[in-house]
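Chemist: I would like the atomic coordinates for the input below:
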Amino acid sequence: MRVPRSSRRAFLRAALSGAAVAVAPSSPSAQTRSVKIGIVHPVTGLLTEPGQACRLGAKMASEAINAAGGIKGLGGVRFELLFGDSQGKADVARAEAERVIGQGAQMLLGAFDSAGTAAMVPVVQQRRVPFLVDLATADSITANVAKAVRDGAQKVQYVYRNFPTASSFGRKAVQYFSDIFKEAGVSPKRVVLMHCNDPFGQGQARGFVAAHKAANPAWEIVETIPWPEPPVDLSTEVSRAKAARPDVIAPITRPGSAQILLTEIRRQRVELMGVVSPGSPGLYEAAQVAALKDDLEHVLTSVPWPNFKNPKTAAVAEEYRKRTGGKTFDTNAGYAYDAVLVAADVLERARSTDGEAIVEALRKTHLIGGLMQYGGLIAFNEGGDNPNAIPTLIQILGGKPVAVWPREAALQKLVFPRPRG
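Modeler: Residues are numbered from 1 along each chain as shown. Next comes the predicted model:
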């Protein structure tokens, strides 16, 4: 790495005066060769596929930043990623956060699932290490820390999130349901909400129900049916849904439960206008499309999605496709990629790896140029969330996930109701 001329002069002055040279790790320095970022996702276990996509997205963004000259505000230092595997387990996520911080991580990114992410929060608050949540929806992840800071129980909020919350998912989902019904010229009346009963599913379901109550649309949620996650069999739950005579089933699933649920809906021949999810992982990944085939065709889900109208996104997506043997650059890889872009922007402006300096820069973030679909700049409110992080409605068409709503994001016209037969 080339040493800035000002740093060389300072070093020579100190050496000539006989002073000991001490370089603080928070200062730009010729001796600071890298900035260490902890990247924790579930790359083994039940959430392996999305977790590995997150890891690759973060890795690709880091490589791009390093190739472009690193963090110039810190003298051109490069990112060094310290990878952790949460295995989709909260206790492991907490331990991995401790481990990578112990290895020198100056900032953390992660962690895909809400339970694992929430388990990391006390660690980063105690250790005073900034944590940028790339994917995880539970409102409490940021809300609890923000409240503790407001109440004076904690001094600084170290946790920020560039991803929609469960409550914002719910608001957008209710809006999108009504929008597509109007767009298609149909009037479904009866919606059955079905959801996995883990922290993610509970949070998403609460957000959707609360948003429905606030908006009071022309359609009703006539039944809410949870299941224990992971499920072994969902025949009873689907029978209950069928008895409610739904026009639409609105599932909130994990990848494994999606395979059981959609197969069971077909097996029981539930007559529907369509399956429209308020927001689920597991309804668009390559493995799911391959496993479910026609059972997934025409299914819609509200999900944070890449802005494929952005040429930069298209270029990164093509590189991702090549590196994965043909997989789609999706929510998981995209938001992990953007988290690294945000981290780079924050460090450029902070010109320091001190935790409080990073937090101050996070608060002042106004970043244009993320790869995902946003409703404005990447910015954080006083609660630590990005209110401009919004989902897109995608649909599986011809065996591929395609953005179909809102209009400004759509690459293809939606199909609703789904064709019979």
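Chemist: mind listing the helices in this protein by residue range?
Modeler: 5-16, 48-67, 90-102, 114-127, 140-150, 166-184, 199-215, 235-243, 255-267, 286-292, 311-324, 331-350, 355-363 (DSSP state H).
Chemist: Tell me which of these lies nearest to residue 391.
Modeler: Counting by Cβ to Cβ, residue 391 lies closest to helix 166-184 out of the helices of the chain; the figure is 5.3 Å. For the C-beta atoms, the positions are set from N, CA and C on the backbone; glycine is no exception.
Chemist: So in terms of bridging, what pairs with the closest residue in space to residue 209 that isn't next to it in sequence?
Modeler: Nearest in space to residue 209, with sequence neighbours left out and distances taken as Cβ to Cβ, 6 or more residues apart in numbering, is residue 221 at 6.4 Å. For residue 221, the beta-bridge partners are residue 191 (DSSP bridges).
Chemist: Roughly how far does the most centrally placed residue in the chain sit from residue 235?
Modeler: By Cα atoms, centre = their mean, the chain has its centre lying nearest to residue 135, at 2.4 Å. Going from residue 135 to residue 235 by Cβ to Cβ, to the nearest Å gives 31 Å.
Chemist: Tell me which of the helices of the chain is the most buried.
Modeler: helix 331-350 (a mean of 25; mean count of other Cβ atoms under 10 Å).
Chemist: Domain ranges for the chain, per the record?
Modeler: 33-164+309-390, 167-303+393-405 (automatic domain parsing).
Chemist: Low-confidence stretches in this protein?
Modeler: Applying pLDDT under 70 to the chain flags residues 1-32, 421.
Chemist: if we can go back for a sec, okay, now the residue nearest to residue 209: neighbour count?
Modeler: 19 (other Cβ atoms under 10 Å).
Chemist: That one: what's it in contact with?
Modeler: Contacts for residue 221 (Cβ atoms under 8 Å, 6 or more residues apart in numbering) come out as 191, 192, 193, 208, 209, 212, 250.
Chemist: And those, which is closest to residue 67?
Modeler: Within the contacts of residue 221, distances to residue 67 taken as Cβ to Cβ reach their minimum at residue 208, with 41.7 Å.
Chemist: That closest one and residue 295, how far apart?
Modeler: 23 Å.
Chemist: Quick one: residues contacting residue 329.
Modeler: Residues near residue 329 by Cβ under 8 Å, 6+ apart: 57, 306, 313, 316, 317, 320, 321.
Chemist: if you set the cut-off to 10 Å instead, what comes out?
Modeler: Contact analysis of residue 329 by Cβ atoms under 10 Å, 6 or more residues apart in numbering lists 53, 56-57, 60, 305-306, 308, 313-314, 316-321, 323, 337, 371.
Chemist: Also residue 85?
Modeler: 39-45, 48, 51-52, 55, 92-93, 96.
Chemist: Same question for residue 216.
Modeler: residue 174.
Chemist: Would you check how far apart it and residue 194 are?
Modeler: Relative to residue 194, and taking Cβ to Cβ, residue 216 is found at 22 Å.
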